[in-house]
Each structure stands twice: as C-alpha cells, then as structure tokens.
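Peer 1: Return a 3D structure for these sequence lines:
(one chain, ligands or ions: 2)
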Amino acid sequence: MTVSATTSMAARLSSREDYAGLLDKYDTWLFDCDGVLWQGDKVIDGATDVLQLLRHHKKSVLFVTNNATKSRKNYKKKFDSLGVEAHVDEIFGSAYAAAVYISSVMKLPKDKKVYVIGMSGLEEELDEEGIAHIGGTDPEDNTLGSFSLATWTPDPSVGAVVCGLDTSVNYTKLSKAFNYLTRNPGCRFLVTNEDSTYPTADGLLPGAGTVSAPLRYALGQDPTAVGKPNRTMLDCIRANVAPAARGVGDAKRGHGVNVRLPSPADRHDFDPKRTIMVGDRLNTDIEFGQVGGLSTLLVLTGITKESEITGPNVSPTVPDYVTGSIGDLRALLS
Ligand SMILES: O=C(O)[C@H](O)[C@H](O)COP(=O)(O)O
Ligand SMILES: [Mg+2]
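Peer 2: Ligands and ions are numbered 1, 2, ... in the order given. Got it, this is the predicted structure:
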C-alpha cells in the first residue's frame, strides 16, 4: 500500500535576499511578544532595530500577545521601559480580547459580573469595557488559607468566570470559580489563552493553560478560549484597526465600546495575503496565522525548538518561514 504524504516544509531564511523578499511581500507585520520581542524583560537582540526598519519601510506593525497579565496601557509602559517603540493602539493582548469578547460577543448583561482568576491587566481591561468583576487581585481571594463553603456567600450575579495567567493562583480562587460554574445557571467559562508554558530569560514557567487546567479537570468541561490561535483575537484586532483605517464611527475604543466585529466584506484593513504573523509557538502563533489566512514566520528564540520542525517527530503545524531570531532581519541594514 503506498501512502502519499505531502509534507510541506518551512522555508529556512538566511540570506539578505530572503529577508528582502519578506519586506517586499508583506505590508502588515503582526508580532507575538514573549519569545519573539523579549524573554521576560530581556529584549531579543536586534528586535528594536528591525521594528524601526519595518516602520521606515512604511510597514504596519501590530503586537499580538496571549499574555493576559497586563492591559494594553501597561504593555505600553513595558514597551517604553524596554526601549521598544510601540503605540498603545498597536498592542493587542488576550486580556483586552477577552474583555471585548465578553462585552461585544457574549454581551454579558449589565446586571451580571465576572469572577476573575487573573492579574491586574485582566481587571483593567474589564474596567475599560465597563464589565463588573470580583476575585482577581482582591486580597480576600489572594490567600493561602483553607476554603470552606460553610463560610462563603457566593454572588448570584456572577455570569461568567474568566481565567488568565495568575501567578497567585490558589485553592480559594479555584473553589470559588468551580462553584460559580456549577451553581450559577448559565455561568460561562472563558480563558484568555491556553499556553502550556511561559518563556522567560531564565527558562520556562507554567503557562496560563496550567492555571485553568484544574477547573477543566474538576468540571469535565472545556472553556471558551479567546487568545491565539482562536479567530476571536484576529476579529478583535481587525475590529480596531478597521475603524482607524476607514474612520468607521460605530466602533469606538476604550470604555463601554460596542465594537462591531466587521463582516468579511467590511474588512479593508488587512489584506491577509500581505500580512505575516511572527511567533515562537506553533500551536498558538503559527496556528493563529494559518486560521486567519496569514503567512507565518517562526522564530526560535522562544518556545519552539529546531527539532520540532526538522527532527523525526516534526509538528503537523508547519510555518511558511523559519529564522533563528527576528534580529536576523538586520541583514537588511547592511
Ligand atoms: O502562559 C502564557 O500566558 C503565555 O506563555 C504567554 O503569556 C505568551 O505570551 P505571547 O508569547 O503570546 O506574547
Ligand atoms: Mg510567544
């Protein structure tokens, strides 16, 4: 029996011509952050130069991160502190996408609130969208004490639980979230993202997916995920970029937006054929690009290792291009 397999291979970039070809081909560059622009607070060598080069060539640059610990405004502060040029409207985090999803897609009723397992970034984005929330950084929930249902009065107005990377996750938060999801009728289970690991300059840490995993297991239920690779994140970006590009009035930014996610016919902002997603993780960034019909460039400064794309057990997710680091595009400066 002959088994015909078409294994498309990623094009490994190395020469100045290779990078010049990308510059010609793509007008919009979407950059993942952790593992691409930086590892924790250590900027990837050359990343700043390359972003400046792209802007010099009038390319549209956007930042698309699954990291839900910071709001767009606080990400802007991180960019500034690391000397990486970015405008707050170019930054799209999964905390923002989750807040927009709850307000514009789920349309959580105004008399309902969200129980948060997550950090200040997620709370700030919910505030921006005018969504009431409890939990999160509330000192009452940030305790290592034991949890007892006998002494807890659940809030009947909780209509959704949203879970993001929370470095202070604990049994109390998981217990409250579990009970909201099993007791409050129709309570929705959302996660900002499901990354298994989080790349820092000193190595890997458990990712957001490991924070929500206990709830998945206890509930026997999968949540709605908003971040990469899900289409929701791209819709959220295009809903924001489109009005700016076309001056559409009915989708404002900021508090209480009633963002109209443009229909495919409305979308003039992105030409997916001239858009490239640059990422370090195959099952979020590269799949996100592929789901959105974008081209994809994998860099090896974060999660994905060479062996996953060239070894005996290659991943079924194959990027269009691979290069060692985004800094390699400095070849265009010579
Ligand atoms: O665990 C997480 O949340 C992720 O590892 C992390 O935040 C990924 O961020 P990104 O690579 O999408 O910038
Ligand atoms: Mg990354």
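Peer 1: Which parts of the chain belong to which domain?
Peer 2: Dividing the chain into domains by automatic domain parsing, as the record does, gives the ranges 4-95+231-333, 107-225.
Peer 1: Out of those domains, flag the one nearest ligand 2.
Peer 2: domain 4-95+231-333 (3.7 Å; C-beta to the ion). Any C-beta I mention is one placed from the backbone N, CA and C, and that applies to glycine too.
Peer 1: That closest one and ligand 2, any residue contact?
Peer 2: Yes: judged by C-beta under 5 Å from the ion, domain 4-95+231-333 and ligand 2 are in contact via 32, 34-35, 280, 302.
Peer 1: could you measure the residue of the stretch 101-250 of the chain found nearest ligand 1 against Thr197, distance?
Peer 2: The minimum distance from the stretch 101-250 of the chain to ligand 1, using C-beta to the nearest ligand atom, falls at Gly207 (2.8 Å). Applying C-beta to C-beta, to the nearest Å, the value for Gly207 to Thr197 is 5 Å.
Peer 1: Those two: which is more packed in?
Peer 2: Gly207 (22 against 17; other C-beta atoms under 10 Å).
Peer 1: re earlier: got a list of what the closest residue to the residue of the stretch 101-250 of the chain closest to ligand 1 other than its chain neighbours touches?
Peer 2: Once flanking residues are discounted, Gly207 sits nearest to Asp195: 3.7 Å by C-beta to C-beta, 6 or more residues apart in numbering. Residues near Asp195 by C-beta atoms under 8 Å, 6 or more residues apart in numbering: 66, 165, 207-209, 227, 281, 284.
Peer 1: what does Ala47 give?
Peer 2: 36-38, 84, 326-327.
Peer 1: Out of those residues, which sit inside helices?
Peer 2: Among those, no member falls in helices (DSSP state H).
Peer 1: TSV please, covering the residues you listed and showing distance to Leu53.
Peer 2: As requested, the contacts of Ala47 are exported to TSV (distance: C-beta to C-beta, whole Å):
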residue	distance to Leu53
Val36	16
Leu37	14
Trp38	18
Val84	13
Ile326	11
Gly327	11
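Peer 1: Tell me which stretches of the stretch 201-334 of the chain form strands.
Peer 2: All strands of the stretch 201-334 of the chain, identified by DSSP state E, counting those that start in this stretch, fall at 203-206, 224-225, 275-279, 295-299, 321-323.
Peer 1: Which stretches in the stretch 51-200 of the chain count as helices?
Peer 2: Taking DSSP state H, counting those that start in this stretch as the test, the helices found in the stretch 51-200 of the chain are 72-81, 94-100, 120-128, 171-183.
Peer 1: winner for burial among those?
Peer 2: helix 94-100 (a mean of 31; mean count of other C-beta atoms under 10 Å).
Peer 1: so what does that helix touch, helix or strand wise?
Peer 2: Counting contacts by 3 or more C-beta pairs under 8 Å, 6 or more residues apart in numbering; DSSP states H and E, helix 94-100 packs against helix 120-128, helix 231-246.
Peer 1: As a markdown table, these with mean pLDDT would be great.
Peer 2: Formatted as a markdown table, the helices and strands packed on helix 94-100 follow (pLDDT from 0 to 100):
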| stretch | mean pLDDT |
| --- | --- |
| helix 120-128 | 98 |
| helix 231-246 | 73 |
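Peer 1: Now render those helices as TSV, adding distance to ligand 1.
Peer 2: As requested, these are exported to TSV (distance: least, C-beta to the nearest ligand atom, whole Å):
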stretch	distance to ligand 1
helix 120-128	10
helix 231-246	10
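Peer 1: which stretch among those helices comes nearest Val314?
Peer 2: Among the helices and strands packed on helix 94-100, the nearest to Val314 by C-beta to C-beta is helix 231-246 (25.1 Å).
Peer 1: Return the residues of the stretch 101-250 of the chain in contact with ligand 1.
Peer 2: 165, 193, 195, 198, 207-208 (C-beta under 6 Å from any ligand atom).
Peer 1: Could you identify the most distant pair in these?
Peer 2: Largest separation among those by C-beta to C-beta: Asn193 and Tyr198, giving 10.3 Å.
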